[in-house]
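Student: sequence first, then the predicted structure:
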Protein chains: 2
Amino acid sequence: MKPQINVGMIGLGTVGVGTLRVLLENKAEIERKIGSRLEVVRIVDLDTTSERPVKFDKSILTKNANEVLDNPDIDIVVELIGGLHPAKDFILRALKNGKHVVTANKELIAKEGTDILSLADKQGLDFYFEASVGGGIPVIGPLKECLAANKIQEVIGIVNGTTNYILTKMANQGSDFADVLKEAQKAGYAEADPTADVEGFDARYKLAILAAIAFTNRIDVNNIYCEGITKISGNDIAYAREMGYALKLLAIAKRDGQEIQARVHPTLIPIAHPLANVNDVYNGIFVRGDFVGDLMFYGRGAGSLPTGSAVAGDVIDIARNINLDATGRLPCTCFENRRIQDMEEVETSYYIRMLVDDKPKVLANIASIFGEHNVSIATMVQKDHCKGRAEIVIVTHKIKEKNFRNAISLVEGLPVVSKVNNWIRVEE
Amino acid sequence: MKPQINVGMIGLGTVGVGTLRVLLENKAEIERKIGSRLEVVRIVDLDTTSERPVKFDKSILTKNANEVLDNPDIDIVVELIGGLHPAKDFILRALKNGKHVVTANKELIAKEGTDILSLADKQGLDFYFEASVGGGIPVIGPLKECLAANKIQEVIGIVNGTTNYILTKMANQGSDFADVLKEAQKAGYAEADPTADVEGFDARYKLAILAAIAFTNRIDVNNIYCEGITKISGNDIAYAREMGYALKLLAIAKRDGQEIQARVHPTLIPIAHPLANVNDVYNGIFVRGDFVGDLMFYGRGAGSLPTGSAVAGDVIDIARNINLDATGRLPCTCFENRRIQDMEEVETSYYIRMLVDDKPKVLANIASIFGEHNVSIATMVQKDHCKGRAEIVIVTHKIKEKNFRNAISLVEGLPVVSKVNNWIRVEE
């Protein structure tokens, strides 16, 4: 039992402030659980002068990362600067210097996790990253521990708060993407450059991490199909709802025989699905295990304090390990290297919205082309019609994406079809 | 690192079979995570002859508990017989003999947890019980680890699948309690003697465990107020829904100043609350932490395989601890002894359904008695009326239960009031 465990932080931005606040404000409770004192002894940030919404001894601030990385008194390094560089170098150096590391850096883990985890394992050190997925929601810990007896069959997440906020507002207000994005930016729920969120890149990093842990499988993030929400219209959401679906940006990973599906895209899910009620900036991670059945973890997927809660939880876990000389207790579990299916090979259902001539035989025409490509139609509904044209909505049965794409491009070329407005995958 | 870790099981009923199945069917995956072989070497059950839905070497079955408890080869004892005796003696003897223990026995932990945990801590042994609350849903682990940096403000659970199934059916079919109970018994979701479930006793045990961990506080289960669902009618559920509420049997624990609220009773919650969508036999545990904000854990709260998943998860965690010589890593955290408020002191809102004379001034009359006792009315709606009588529904603002009870007993005595049909607490 060490009488005192020392933490060095790198990065005092939004998440850094949240982490520092929880470690300081709940210090007594945390130390009682660890059985040792827990001190933040040094904080690195390029900005050492701005006021931040946390009370702490400013003399521990420094611009020099070496004061944490090479400091022999520091046991645990908390990296919260984000991005690949210099974060990766900092973490590798911390590990080389025998320090345990906690991070919330999803991009880094998704892209460079293998290097980092193999060094951590070699050194017998802890590298924890609960905060990288779902903010404050416990999900990585439960997958590694409570659910460890299961073969996980699928993980489906609403893991990006910005896009879920936008889609919820679009659903509630009947408004279109561009308008709601502006609102979200004003409200502070979307960045000035929203690309990483609305194009699904953020969700893709998180899915890479979840899938690797759930399936104990090495995941190359570049092999995860990714499509954002910029093409979704208010109409799609309204029609989906009428047909009993909610429209969400889902990060989907499934075992499929000896392969893995991993894909991020807007998706219709039945309103009875637990994820359909995850709204606003909330995140939800749905897990199906062979023994445990269906689970969902729900909560705030971002923000200073929730994310700080998860980072501090990792610090506490590592401190407990240090006190029992049990670090390296949960090493990397990427035992396997199953292939991620190309999107064209994935089987799923589709919703299609298109504008067609409002005259006899048009629907039969469309249905016959779908039929020739084995695309079986589950529902076909005519919505508005005006000026000789009708908007129709079709939902198909399951079909390989390749077949679907062939069929839809032929349908798009039909003289009676003015426009295929949108098509969206459906998760049953 | 031990090359092999040995498990002895006591009890091969429903949960025992689920546990054995997951340990055998996912043996390879589990052993890879632990880094050792994991063998179930002995199983105690009074019935050593019946066929069970699991393939295993029958020669390990015995009627003699000593063959597990006194067996020097066994590292982990899994107790799945339920009830207080002889389960408590078995567990204490296992601990005295240096064995780690896993159990799903909520009644035992709620009533005798203090004795067991203090012996386990003294011996530096693990005593784990994830399966005791919420079946397969990870919640005890996350509260002890991922969320350890938070002061938990409240835990509200739908933790009894039988009553949630009954209430969901009542809501969907508009039927009354007694009819649905019979259905549930036929479907295997309710016991022949349903008392422990429908009177809330099962939920009370689980709340005692959740509150103790969430608030790091000793909880005497006898001080938890408990009221079942037998008096709920289809009308209550229908009216609640019209007013924007779902009716659920909730197990509620909250910090309230220096005291704790802990109570189990039917409750109206707003339909936008995450728990309102937890239906059928599913369980949901809502947690509010000072940093993490609102969370919910959702899944199957009972059943052979989900509960077996949680038991096996504990076995894996202990095996990891054994291999690192790190057992006793998560000792008892009941540091405090805050008082549980008497129900009369609890402040909450109320829904009331009553039958009154359908004539002028009746509502004014009732409202004035409520007013005299500081019971402020939020909503008052007249529902059906027939034969000179009207059914009215009232929802109050928050008020101490003592004041409310005084007021309602006076209202009940009014000549114009035929009957107070029901009153139910409301959680806003």
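Tutor: Cool, got the structure.
Student: what's the spacing between A:Thr114 and A:Leu108?
Tutor: Here A:Thr114 is placed at a distance of 11 Å from A:Leu108 (C-beta to C-beta, to the nearest Å). Any C-beta I mention is one placed from the backbone N, CA and C, and that applies to glycine too.
Student: which one of the two is surrounded by more residues?
Tutor: The residue with more neighbours, out of A:Thr114 and A:Leu108, is A:Leu108; 25 against 15, by other C-beta atoms under 10 Å in any protein chain shown.
Student: contacting residues for the more buried one?
Tutor: A:Leu108 makes contacts with A:Gly82, A:Gly83, A:Leu84, A:Ala87, A:Lys88, A:Ile91, A:Ile116, as judged by C-beta atoms under 8 Å, 6 or more residues apart in numbering or on different chains.
Student: against A:Leu330, how distant is it?
Tutor: A:Leu108 is 19 Å from A:Leu330, by C-beta to C-beta.
Student: after the helix or strand bottoming out on mean pLDDT in chain A, next one along is what?
Tutor: When the helices and strands of chain A are scored by mean pLDDT, DSSP states H and E, strand A:377-386 comes last with a mean of 88. Moving toward the C-terminus from strand A:377-386, the next helix or strand (DSSP states H and E) is strand A:389-396.
Student: just confirm A:Ser418 is within a helix.
Tutor: No. Assessed with DSSP: H, G, I helix; E, B strand; the rest coil, A:Ser418 is strand; it does not lie in a helix.
Student: please report how far the nearest residue to it once chain neighbours are set aside lies from chain B.
Tutor: Nearest residue to A:Ser418 in three dimensions, chain neighbours excluded: A:Leu355, at 4.3 Å (C-beta to C-beta, 6 or more residues apart in numbering or on different chains). A:Leu355 sits 36 Å away from chain B, going by C-beta to the nearest C-beta, to the nearest Å.
Student: contacting residues around A:Leu355?
Tutor: A:Arg389, A:Ala390, A:Glu391, A:Val417, A:Ser418, A:Lys419, A:Asn421 are the contacts of A:Leu355 under C-beta under 8 Å, 6+ apart.
Student: for it, pull up the helix or strand it's in.
Tutor: Applying DSSP H and E, one finds A:Leu355 within strand A:347-357.
Student: quick one, helices of chain A?
Tutor: Under the criterion DSSP state H, helices of chain A are mapped to A:14-25, A:27-34, A:66-69, A:87-96, A:106-123, A:140-144, A:161-173, A:177-186, A:195-198, A:201-214, A:234-242, A:304-323, A:362-372, A:401-413.
Student: by contact count, what packs against the third one?
Tutor: With contacts defined as 3 or more C-beta pairs under 8 Å, 6 or more residues apart in numbering or on different chains; DSSP states H and E, the secondary structure elements packing on helix A:66-69 are strand A:4-10, strand A:37-44, helix A:87-96.
Student: with the second one instead?
Tutor: The elements that helix A:27-34 packs onto, with contact taken as 3+ C-beta pairs under 8 Å, 6+ apart, are strand A:37-44, helix A:304-323.
Student: try 6 Å
Tutor: strand A:37-44 (3 or more C-beta pairs under 6 Å, 6 or more residues apart in numbering or on different chains; DSSP states H and E).
Student: now do A:Glu67 against B:Arg339, distance only.
Tutor: 47 Å.
Student: compare those two (neighbour count), which wins?
Tutor: The residue with more neighbours, out of A:Glu67 and B:Arg339, is A:Glu67; 18 against 12, by other C-beta under 10 Å.
Student: before we move on, back to that, show me what the residue nearest to A:Ser418 is bridged to.
Tutor: For A:Leu355, the beta-bridge partners under DSSP bridges are A:Glu391, A:Lys419.
Student: report how many residues lie close to the closest residue to A:Leu80 other than its chain neighbours.
Tutor: Excluding the flanking residues, the one nearest A:Leu80 by C-beta to C-beta, 6+ apart is A:Gly11, at 3.5 Å. By other C-beta under 10 Å, 24 other residues sit near A:Gly11.
Student: over to A:Ala238?
Tutor: Count around A:Ala238 with other C-beta under 10 Å applied: 15.
Student: A:Glu372 too?
Tutor: A:Glu372: 11 surrounding residues under other C-beta under 10 Å.
Student: that one and A:Val416, how far apart?
Tutor: Using C-beta to C-beta, A:Glu372 is found at 16 Å from A:Val416.
Student: can you check the pLDDT for A:Gly83?
Tutor: A:Gly83 is assigned a pLDDT of 96 by the prediction.
Student: tally of neighbours for the residue nearest to it when sequence neighbours are not counted?
Tutor: The shortest distance from A:Gly83 to any residue other than its chain neighbours is 6.6 Å, reached at A:Glu107 (C-beta to C-beta, 6+ apart). By the measure other C-beta under 10 Å, the count of residues near A:Glu107 is 20.
Student: isn't A:Glu107 right next to A:Ala203, touching?
Tutor: No. Contact criterion C-beta atoms under 6 Å: A:Glu107 and A:Ala203 do not qualify, at 11.9 Å.
Student: could you check how far the nearest residue to A:Leu268 once chain neighbours are set aside is from chain B?
Tutor: The shortest distance from A:Leu268 to any non-neighbouring residue, by C-beta to C-beta, 6+ apart, is to A:Tyr245 (3.9 Å). Going from A:Tyr245 to chain B by C-beta to the nearest C-beta gives 16 Å.
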